[in-house]
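Trainee: Structure, please.
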Amino acid sequence: MKYQLLTLIFSVMVFSSGAVNAQQNESSKELFSYENHIVDGDTLNYRMLLPKDFDESKTYPLVLMLHGAGERGNDNKKQLAHGSKLFLNETIRDSFPAIVIFPQCPRNDYWSKLEADRSTKPITFKYKYNEAPTTAMALVMDLMDEMVAKSYIKTDQIYAMGLSMGGMGTFEIIYRKSEMFAAAIPICGGGDPTSVTEYAKTIPLWILHGAKDDVVDPKLSLNMTSAIISAGGFPKLTLYDFANHNSWDPAFAEPELLTWLFSKIK
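Mentor: Below is the predicted model of the structure:
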């Protein structure tokens, strides 16, 4: 009876601790302000994290973080599901004061211009960079132009990151805005290998993917890596032998991820 009581007390403590931590995580996400960017009647919702003691008279790096397909919508919340915890880490905020933007792609849109055949596993993608960008991507590019024009942005430290659909968006936006970015981190994404000549020699990339990924084929990242090397670039590649599609989990746990990113200056 005493053992059962102790077990019950321990279980309640663990549950309570988990609930408190979840509550704290949600509360800390409120440090990201609620914003929107409107162009010709089209709206892009986004969340923005400012550095501690933000001062407009100073200058800061700017990080764009593109979410995956599962976080699309219009609640301006779901896009913080993956990656926001990394930027809310106190040590990270103290070590790398930066402005971080998490836009949210609408449910019926996509970051990258492509056709997806979901009858195959992994999904088959056909990229169409020769066409105009999607509405969501066009809005992100316009927002980035607006942000970069602000006096408190370090224009030589503009970075792009993304996972899954956002990893594809990362490859595409550095193609479409190759003059803007100092470095990029596409996670479990893919892109058009013929596009890399626009940035292979000028934008350092850390490409990460799970070898067991049965949603977005890891060979898509390998193809982009190979194309960048062939075009004269020197990308960093991490392939997790144990990871399926959620390779963003080990990616965000990489101790040198942001140290590497913020070390890159145009």
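
Trainee: going forward, measure contacts and count neighbours with C-alpha atoms only.
Mentor: OK.

Trainee: In what element of secondary structure is the closest residue to Leu88 other than its chain neighbours found?
Mentor: Closest residue in space to Leu88, ignoring its immediate chain neighbours: Ser28 at 7.2 Å, by Cα to Cα, 6 or more residues apart in numbering. According to DSSP states H and E, Ser28 maps onto helix 2-29.

Trainee: Likewise for Gly233?
Mentor: For Gly233, there is no helix or strand it lies in under DSSP H and E.

Trainee: That one contacts Ala200, correct?
Mentor: Yes. Counting by Cα atoms under 8 Å, Ala200 is a contact partner of Gly233 at 4.6 Å.

Trainee: For the two, work out which one has more neighbours and name it.
Mentor: Neighbour comparison, Gly233 and Ala200: the larger count goes to Ala200, with 23 against 20 (by other Cα atoms under 10 Å).

Trainee: mind listing what the more buried one touches?
Mentor: Shown in contact with Ala200 (Cα atoms under 8 Å, 6 or more residues apart in numbering): 228-229, 231-234.

Trainee: From those, list the buried ones, please.
Mentor: 228, 231, 233-234 (16 or more other Cα atoms under 10 Å).

Trainee: can you list those residues in TSV and add pLDDT and distance to Gly162?
Mentor: Listed next are the buried ones among the contacts of Ala200 as TSV, based on pLDDT from 0 to 100; distance: Cα to Cα, whole Å:
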residue	pLDDT	distance to Gly162
Ile228	98	18
Ala231	98	23
Gly233	98	20
Phe234	98	20
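
Trainee: Tabulate those in TSV, adding columns for distance to Gly73.
Mentor: Below are the buried ones among the contacts of Ala200 laid out as TSV (distance: Cα to Cα, whole Å):
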residue	distance to Gly73
Ile228	33
Ala231	37
Gly233	36
Phe234	36
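
Trainee: so which pair among the residues you listed is furthest apart in space?
Mentor: By the measure Cα to Cα, Ala231 and Phe234 form the most distant pair in these, at 9.2 Å.

Trainee: Please enumerate the shared neighbours of these two.
Mentor: Taking Cα under 8 Å, 6+ apart as the contact rule, Ala231 and Phe234 both touch 200-201.
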